[in-house]
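Enquirer: for reference, the sequence and a predicted model appear below.
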Amino acid sequence: MADPSCNVTLEMLKEAWETVRSSPLGVINTPMIPLNQTTLQFSVPCNVHIKLENLQRTGSFKIRGVANQFARRPDGGHFVTMSAGNYGKSFAYASKHYGTKGKVVMPETAPESRSVLIQSFGVEVERVPTTGLMEVVNRCVREDDMTFLHSYDDMDLIAGHASLGLEILQVVPSPDVVVVCCGGGGLLAGVAAAIKLSGCQATRIYGVEPEGACTMHKSFIEKKPVGMNTKSIASGLAPPFAGALPFALCQNYVEDIVLVTDEEIKRAVSTLYRAGLVVEPSGSAAFAAFANDRIPNIAGKTVVLIVSGGNIGKDELQNFPD
């Protein structure tokens with residue numbers, strides 16, 4: 001079987017970037033700030049920048065991939081997807097804008113507030129056990145004639161997410177290290193492909209997963225996409241399996257997958273909040289990896305951390321340490 005990552009070109013990713021930038025969904029070029037210009041207290045022997053996707057339209061990077069997916073399907077339709085929240089929110093936002101019908105299949109472990117928010121855009125939500133997500137999606141495709149838009153294993157989506165990598169290179173043309181959260185792998189794959197295909201062959205790109213939801217880590221070990229019974233406070237990083245397309249791209253372009261604990265994620269959320277940055281657990285994974293010395297050989301290097309989302313309610317923040 002041919003490696004699907006071989007079909008990804010820089011020209012393709014730049015075309016998607018232009019689509020994302022001109023999207024009527026209002027995707028923004030989010031700020032990237034040096035760590036030493038924040039109130040975060042870290043004495044680190046490296047030059048760290050933080051890319052603030054928590055300030056993105058709909059509160060996370062997901063709108064990038066959604067913008068490209070919907071632009072590639074201009075005739076609309078009746079779409080179904082699966083999401084723990086952030087993709088579902090962007091999907092619902094786009095569905096309302098384009099006047100298309102939509103349904104989000106959510107894991108029961110996702111915060112109830114996320115499903116309420118998605119429904120407010122006029123999109124149906126069905127909550128099911130994590131292990132039953134694809135079964136319900138397949139039923140909707142089969143019985144209700146819906147079109148499945150995948151929340152991470154889709155090339156249009158990955159190309160849209162690659163816009164984030166290209167934006168990083170506008171500010172830091174040759175980063176030494178880039179650290180990205182990883183759930184199904186769509187963001188990690190897109191960012192890694194964009195950076196490597198832009199000529200930054202020496203850049204080391206690390207994915208970060210929770211210990212209890214480490215499907216890409218296990219996939220790297222077994223050299224094929226695998227699934228597991230995932231469980232983490234970072235519900236957005238806990239799909240039941242790694243995507244086949246993201247896996248192929250990550251195998252080519254990602255240095256390694258590192259793991260963080262839920263406790264480390266909680267501390268990262270609290271640390272960022274005290275610095276004035278509202279970041280959800282999934283969005284704080286890259287920062288947690290940095291703060292807990294999971295990224296090797298960064299002394300004297302230029303490091304970029306992606307803070308990927310800020311969709312967290314006051315009720316959820318109460319569960320984190322002061």
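Expert: Perfect, thanks for sending it.

Enquirer: sticking with Gly165, tell me its helix or strand.
Expert: Assigned by DSSP states H and E, Gly165 belongs to helix 155-171.

Enquirer: in the stretch 101-250 of the chain, mark out all the helices, start to finish.
Expert: Taking DSSP state H, counting those that start in this stretch as the test, the helices found in the stretch 101-250 of the chain are 112-119, 133-144, 155-171, 186-197, 215-222, 244-253.

Enquirer: can you count the residues close to Asn54?
Expert: 24 (other CB atoms under 10 Å). Placement of C-beta: from N, CA and C, glycine included.

Enquirer: kindly provide the distance from the residue nearest to the spatial centre of the chain to Cys250.
Expert: The centroid of the chain falls nearest to Leu187 when counting by CA atoms, centre = their mean (4.5 Å). Between Leu187 and Cys250 the computed distance is 11 Å (CB to CB, to the nearest Å).

Enquirer: of all the helices of the stretch 101-250 of the chain, which lies closest to Thr81?
Expert: Minimum separation from Thr81 across the helices of the stretch 101-250 of the chain (CB to CB) falls at helix 133-144, 7.5 Å.

Enquirer: which parts of the closest one are buried?
Expert: Leu133, Met134, Val136, Val137, Cys140 (16 or more other CB atoms under 10 Å).

Enquirer: same question for stretch 150-164.
Expert: Using 16+ other CB under 10 Å as the test for burial, stretch 150-164 gives 150-164.

Enquirer: okay if I get the helices of the stretch 101-250 of the chain as a markdown table plus mean pLDDT and distance to Ser22?
Expert: Below are the helices of the stretch 101-250 of the chain laid out as a markdown table (pLDDT from 0 to 100; distance: least, CB to CB, whole Å):
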| stretch | mean pLDDT | distance to Ser22 |
| --- | --- | --- |
| helix 112-119 | 88 | 26 |
| helix 133-144 | 94 | 30 |
| helix 155-171 | 98 | 11 |
| helix 186-197 | 98 | 18 |
| helix 215-222 | 97 | 31 |
| helix 244-253 | 97 | 24 |
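
Enquirer: now those in a markdown table, with distance to Val208?
Expert: Formatted as a markdown table, those follow (distance: least, CB to CB, whole Å):
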| stretch | distance to Val208 |
| --- | --- |
| helix 112-119 | 21 |
| helix 133-144 | 23 |
| helix 155-171 | 15 |
| helix 186-197 | 9 |
| helix 215-222 | 10 |
| helix 244-253 | 12 |
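
Enquirer: between those helices, which gets nearest to Gly26?
Expert: Using CB to CB, the helices of the stretch 101-250 of the chain put helix 155-171 closest to Gly26, at 13.6 Å.

Enquirer: and the angle for the closest one with helix 186-197?
Expert: 50 degrees (axes from the mean of the first three to the mean of the last three CA atoms, to 10 degrees).

Enquirer: now for helix 155-171, which elements pack on it?
Expert: helix 10-21, strand 32-34, strand 47-52, helix 62-71, helix 186-197, helix 244-253 (3 or more CB pairs under 8 Å, 6 or more residues apart in numbering; DSSP states H and E).

Enquirer: okay, it in CSV with CA atoms only?
Expert: What follows is helix 155-171, C-alpha atoms only, in CSV (Å, rounded to 0.1, in the frame of the first residue of the first chain):
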residue,chain,number,x,y,z
MET,A,155,-6.6,15.2,4.5
ASP,A,156,-8.6,18.3,4.0
LEU,A,157,-8.7,18.8,7.8
ILE,A,158,-5.0,18.1,8.2
ALA,A,159,-4.1,20.6,5.4
GLY,A,160,-6.2,23.2,7.1
HIS,A,161,-4.4,22.6,10.4
ALA,A,162,-1.1,22.9,8.6
SER,A,163,-1.8,26.7,8.3
LEU,A,164,-0.8,26.9,12.0
GLY,A,165,2.6,25.5,11.2
LEU,A,166,3.1,28.0,8.3
GLU,A,167,2.1,30.8,10.6
ILE,A,168,4.7,29.8,13.2
LEU,A,169,7.4,30.0,10.5
GLN,A,170,6.4,33.6,9.7
VAL,A,171,7.5,34.5,13.3
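
Enquirer: pLDDT-wise, which helix or strand of the chain ranks last?
Expert: helix 314-317 (a mean of 71; mean pLDDT, DSSP states H and E).
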